[in-house]
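Colleague: Got a sequence here, can you model it:
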Amino acid sequence: MGFSTDDTVYRVDKFKASGKWQTTFAVPGRNYNEPDIFDAVRNDIMEAGINLGRGEMFVVLEPYHKFSHPLIFKAAP
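Modeller: Modelled structure (predicted):
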């Protein structure tokens, strides 16, 4: 189930480098068939115009991807 009425849109929670929650985004899933789920989600986030700030963390519980599973990743320091 998606983050909205559109199942291709999913929720991304963004945390500061300190671990404090910062904001939540609705990201349209456009890279469903990308072989690497991390690349697919990263590309979806960047295509949505969300800045991957230094050391920030992103949590995605239900990404729109053929190999969907919860993800957490940290932007480059």
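Colleague: all strands for the protein, in order.
Modeller: Secondary structure of the chain (DSSP state E): strands at 9-15, 21-28, 57-60, 71-74.
Colleague: Kindly reformat these as JSON lines containing mean pLDDT.
Modeller: What follows is the strands of the chain, written out as JSON lines (pLDDT from 0 to 100):
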{"stretch": "strand 9-15", "mean pLDDT": "94"}
{"stretch": "strand 21-28", "mean pLDDT": "93"}
{"stretch": "strand 57-60", "mean pLDDT": "94"}
{"stretch": "strand 71-74", "mean pLDDT": "91"}
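Colleague: show me the contacts for the nearest residue to K16 once chain neighbours are set aside.
Modeller: Computed as Cβ to Cβ, 6 or more residues apart in numbering, the closest residue to K16 that is not its neighbour in sequence is Q22, at 5.2 Å. Placement of C-beta: from N, CA and C, glycine included. Q22 sits next to 14-16, 56 when contact means Cβ atoms under 8 Å, 6 or more residues apart in numbering.
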